[in-house]
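1. predicted model follows, preceded by the sequence.
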Amino acid sequence: MHEGWSAAPQRPSGRPFLVWAVTLFAIIIVGAVMYMIGLRGGASAPTARVALTPALPISFTPPPDSAIPDGPSGAAIRRGQQLFLHTRANAGNHVGNGLSCSNCHLDAGRQPNASPMWAAWGAYPAYRAKNDQINTMEDRIRDCFTYSMNAPASPSGKAPPPGDPIYRDLQMYFFWLAKGAPTGVDLPGRGFIDLNPTTLGQDPARGAKVFTQSCAVCHGVDGQGQRDASGSYAFPPLWGPMSFNWGAGVGKVANAAAFIKANMPLGQGYSLTDQQAWDVAAYISSRERPRDPRQTGSIEEARKRFHAKGDYYGQRIDGDLLGDGIATVR
Ligand code: HEC
Ligand code: HEC
């Protein structure tokens, strides 16, 4: 088969049994998916999953998995997708925490306003202030390994080296997700929503209450996530040794607040007020997590260089000096 779109599924042309069978099959699939979502949420997780997402402009719809082509390209796309979904299992040498790419880039990198990969693909190469150079897509992926996946604590101690097949497969997957999307355009749905600051400002203490009420059921009362029987995380850790490190983008309160507002609690995006989103993001950012790989000198020096605003690094919160890598409280 040639690479490209697979044929659209055939309608069951006027054969009542087939229509009936297809309908029954669809009901079973939908039922099974709902059951699995329920299981994932655990017994006490919220059961009502109302779609609260307001009608935001969605600029582009990536192709369905059924359209992944056959042949070597399709194989690479599938490997990239598996890397994205189960990062530790497929790139364990470079993963130093309990996360997968898709824990933040939701729905396997498809979800608008959760930094979707179809929107990222056509935006590189690009200048990035974070490292003051032109970044290729490979460079950008490497950064998420270094910070969001905490590669310094992985067996190899670093992100995959330049040209590694891990980058090639991930890029094949993104390229395929973006099939037909324009390049060089900041597509609506890219990155996170714009969340305005509130008049009250952000407060970790208020955020702690939001966390207990709306997040702890899945992420654990101590924010350390919950593992399934196989030992991998069904609910990812939000802080602590198995979470992203102090250099990661979600460590900044504004990024975390915007992600949370649109996407959390999972399945109930936009259910928190802006105030709650800011406060709970502040709470998460005020807990200890793995050290910032960019820190070479003192915590204070790194605080001034990389954390002058946007998070609580280098501050003492609830008696814990953040950034020293030692959690005195959680
Ligand atoms: C802990 C959450 C988290 C995890 C895990 C994570 N990322 Fe990211 N990623 C982010 C955030 C936040 C941004 C945007 C950062 C910013 O704006 O500074 C981002 C941005 C990106 C971008 C650029 C998006 C754009 O539109 O420019 C790519 C590509 C990317 N990540 C790939 C990956 C890959 C591949 C993995 C897994 C190896 C991964 N990320 C894991 C949080 C995460
Ligand atoms: C119903 C269960 C559930 C609830 C409740 C929930 N989350 Fe999540 N959250 C998840 C899951 C599951 C993921 C990973 C998504 C994936 O892999 O598809 C996630 C991912 C995240 C992430 C990115 C990954 C990471 O480890 O940092 C953040 C941040 C987050 N949630 C914050 C929150 C906050 C804040 C709340 C409360 C307002 C909340 N969540 C409520 C299930 C939940």
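-> Perfect, I can see it now. Ligands and ions are numbered 1, 2, ... in the order given.

2. how many neighbours does the residue nearest to residue 91 when sequence neighbours are not counted have?
-> Closest residue to residue 91 apart from its sequence neighbours, by Cβ to Cβ, 6 or more residues apart in numbering: residue 166 at 5.2 Å. C-beta here means a position set from N, CA and C on the backbone, and glycine is covered the same way. Counted with other Cβ atoms under 10 Å, the neighbours of residue 166 add up to 23.

3. what's near enough to touch residue 166?
-> Residues in contact with residue 166 (Cβ atoms under 8 Å, 6 or more residues apart in numbering) are 83, 90-91, 94, 160.

4. which of the residues you listed ranks first by neighbour count?
-> Result: residue 91 is most packed of these (other Cβ under 10 Å), 26 neighbours.

5. isn't that residue up against residue 85?
-> No. Look at residue 91 against residue 85 with Cβ atoms under 8 Å: they stay out of range, at 11.4 Å.

6. could you pull out the helices in this structure for me?
-> For the chain, applying DSSP state H gives helices covering 16-41, 71-85, 87-91, 106-109, 117-121, 137-143, 165-177, 204-214, 216-219, 253-263, 274-285, 299-306.

7. what parts of this structure come near ligand 2?
-> Residues of the chain found near ligand 2 (Cβ under 6 Å from any ligand atom) are 41, 45, 99, 102-104, 106, 214-215, 217-219, 235-238, 243, 250, 256, 259-260, 264-266, 272, 280.

8. can you read off the pLDDT for the residue in the stretch 51-200 of the chain positioned nearest to ligand 2?
-> The nearest approach of the stretch 51-200 of the chain to ligand 2 comes at residue 103, 4.2 Å away (Cβ to the nearest ligand atom). Per-residue pLDDT puts residue 103 at 98.

9. OK, contacts around the residue nearest the centre of the chain?
-> Centre of the chain computed as the mean C-alpha position; nearest residue by Cα atoms, centre = their mean is residue 104, 0.8 Å away. Contact analysis of residue 104 by Cβ under 8 Å, 6+ apart lists 114-115, 148, 250, 259.

10. now restrict these to buried residues only.
-> 114-115, 148, 250, 259 (16 or more other Cβ atoms under 10 Å).

11. in those, find the pair that's most separated.
-> Pairwise distances across those peak at 13.1 Å for 114 and 148 (criterion: Cβ to Cβ).

12. thinking again about what came up before, now render the contacts of residue 166 as CSV, adding pLDDT.
-> Formatted as CSV, the contacts of residue 166 follow (pLDDT from 0 to 100):
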residue, pLDDT
83, 98
90, 98
91, 98
94, 98
160, 98
